[in-house]
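S.K.: Starting from these lines, generate the structure:
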Amino acid sequence: MSVNLTLGVSLKTYFGYQQTLEWSREVAEIVRQHPLLQQYPNTTLFTFPSAPTIDATLRAFSNTAMQVGAQNIAPAPAGAWTGENSAEQVSEMGCTFVEIGHAERRRHFHEDETMICRKVQMALDHGLTPVICLGEAEKMSDQRATAFAIAEANVIVDYLREHTLSGDLIFAWEPQWAIGAPKPASSEYIQSVCSGLRAHLSSVPGDHRVIYGGSAGPGLLSQLWPHVDGIFLGRFAHQPAAVNAILDEALALLVPADHKEHA
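M.R.: Okay, the predicted model is just below:
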């Protein structure tokens with residue numbers, strides 16, 4: 001019962017408003033009835049809809065285990081920031097998570113480490129759990145990828161220490177070369193990098209988790225568990241049936257492990 005599996009879904013801007021509502025309502029029914037959440041209530045579920053649909057998504061998932069977050073926040077307090085989403089408002093609406101530093105934001109919107117650190121600060125200042133995306137642009141050895149991920153994570157950790165900030169962090173390791181690819185990185189590669197990053201973060205104060213993204217879909221969690229704390233799903237979870245399949249998969253993994261632990 002102490003297992004804290006983390007499963008996240010990003011809808012990006014693939015869905016329109018009505019499609020987001022339909023997906024949210026269908027997934028909400030799945031989450032309400034699924035035995036995974038009854039047997040393992042510590043399981044963390046979150047979804048990131050597009051900003052205009054956050055309120056409707058929050059209402060759809062009301063009284064379920066699914067938490068809702070924003071795909072982005074401004075790197076500054078509420079004020080004269082046209083077109084941005086303030087962490088204050090996102091939190092006020094009822095969001096509990098926020099995605100920060102995705103490769104698309106870094107590449108297309110030129111977000112650098114300074115901006116990402118400020119966004120993490122804004123999130124923690126307003127009670128939001130940051131889901132911080134990390135990942136190398138080009139494929140490399142697992143040892144080099146591990147060092148790269150640790151270096152990226154250390155930028156955040158050092159910033160928080162310097163500014164006397166604290167809070168729980170979720171690091172979503174998503175090698176950029178695997179995002180949107182037909183196949184994810186090999187399970188051995190993922191296991192090695194995530195294990196190394198988790199081991200490093202174990203010495204950092206706080207409840208920090210490492211989840212894997214980058215073409216993550218049904219069947220991958222079974223290959224990676226328990227080397228990761230969970231997975232971050234994209235388009236492969238855009239069908240409610242796929243979400244149900246992943247919850248089934250998670251339950252099948254946790255029950256035997258739980259029985260073994262208590263044997």
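S.K.: Just the mean pLDDT for the lengthiest helix in the chain, thanks.
M.R.: Counting by DSSP state H, the longest helix found in the chain is helix 240-262. On average, the pLDDT along helix 240-262 is 84.
S.K.: other SSEs contacting that helix?
M.R.: strand 6-10, helix 17-33, helix 35-39, helix 220-224, strand 230-233 (3 or more CB pairs under 8 Å, 6 or more residues apart in numbering; DSSP states H and E). (C-beta placed from N, C-alpha, C; glycine too.)
S.K.: Show me which of these has the highest average neighbour count.
M.R.: The highest average neighbour count among the helices and strands packed on helix 240-262, using mean count of other CB atoms under 10 Å, belongs to strand 230-233 at a mean of 26.
S.K.: mind listing what it pairs with, with the direction of each?
M.R.: strand 6-10 (parallel), strand 209-212 (parallel) (DSSP bridges).
S.K.: now the longest one and helix 17-33, what's the angle there?
M.R.: Between the axes of strand 6-10 and helix 17-33, defined by axes from the mean of the first three to the mean of the last three CA atoms, to 10 degrees, the angle is 170 degrees.
S.K.: Redo the helices and strands packed on helix 240-262 as a markdown table? Include mean pLDDT.
M.R.: Output for the helices and strands packed on helix 240-262, formatted as a markdown table (pLDDT from 0 to 100):
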| stretch | mean pLDDT |
| --- | --- |
| strand 6-10 | 96 |
| helix 17-33 | 98 |
| helix 35-39 | 95 |
| helix 220-224 | 93 |
| strand 230-233 | 94 |
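S.K.: Dump the ones you listed to JSON lines, plus distance to residue 174.
M.R.: Compiled in JSON lines, the helices and strands packed on helix 240-262 are given as follows (distance: least, CB to CB, whole Å):
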{"stretch": "strand 6-10", "distance to residue 174": "10"}
{"stretch": "helix 17-33", "distance to residue 174": "22"}
{"stretch": "helix 35-39", "distance to residue 174": "24"}
{"stretch": "helix 220-224", "distance to residue 174": "13"}
{"stretch": "strand 230-233", "distance to residue 174": "7"}
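S.K.: Among these, which comes closest to residue 84?
M.R.: Among those, the nearest to residue 84 by CB to CB is strand 6-10 (18.8 Å).
S.K.: residues contacting the residue nearest to residue 245 when sequence neighbours are not counted?
M.R.: In space, and not counting its chain neighbours, residue 245 is closest to residue 218: 4.7 Å by CB to CB, 6 or more residues apart in numbering. Residues in contact with residue 218 (CB atoms under 8 Å, 6 or more residues apart in numbering) are 236, 242, 245-246, 249.
S.K.: secondary structure class for residue 218?
M.R.: coil (DSSP: H, G, I helix; E, B strand; the rest coil).
S.K.: Just the pLDDT at it, thanks.
M.R.: pLDDT, residue 218: 77.
S.K.: Residue 214 now?
M.R.: At residue 214, the model reports a pLDDT of 69.
S.K.: Between helix 17-33 and the longest helix of the chain, find me the angle.
M.R.: 30 degrees.
S.K.: Strands along this structure, start to end?
M.R.: Along the chain, counting by DSSP state E, strands occupy 6-10, 44-48, 66-70, 97-100, 129-134, 170-173, 209-212, 230-233.
S.K.: if we can go back for a sec, which one, of the helices and strands packed on helix 240-262, ends up nearest to residue 81?
M.R.: So among the helices and strands packed on helix 240-262, strand 6-10 is nearest, using CB to CB, at 22.6 Å.
S.K.: From the chain's centroid, how far away is the closest one?
M.R.: Averaging C-alpha positions (CA atoms, centre = their mean, to the nearest Å) puts strand 6-10 5 Å from its chain's average.
S.K.: Can I get it in PDB, CA atoms only?
M.R.: Extracted in PDB, the C-alpha atoms of strand 6-10 (Å, rounded to 0.1, in the frame of the first residue of the first chain):
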ATOM      1  CA  THR A   6       3.100   8.300 -10.800                       C
ATOM      2  CA  LEU A   7       1.200   8.400 -14.100                       C
ATOM      3  CA  GLY A   8       0.800  11.600 -16.100                       C
ATOM      4  CA  VAL A   9      -0.800  12.500 -19.400                       C
ATOM      5  CA  SER A  10      -0.300  15.500 -21.600                       C
END
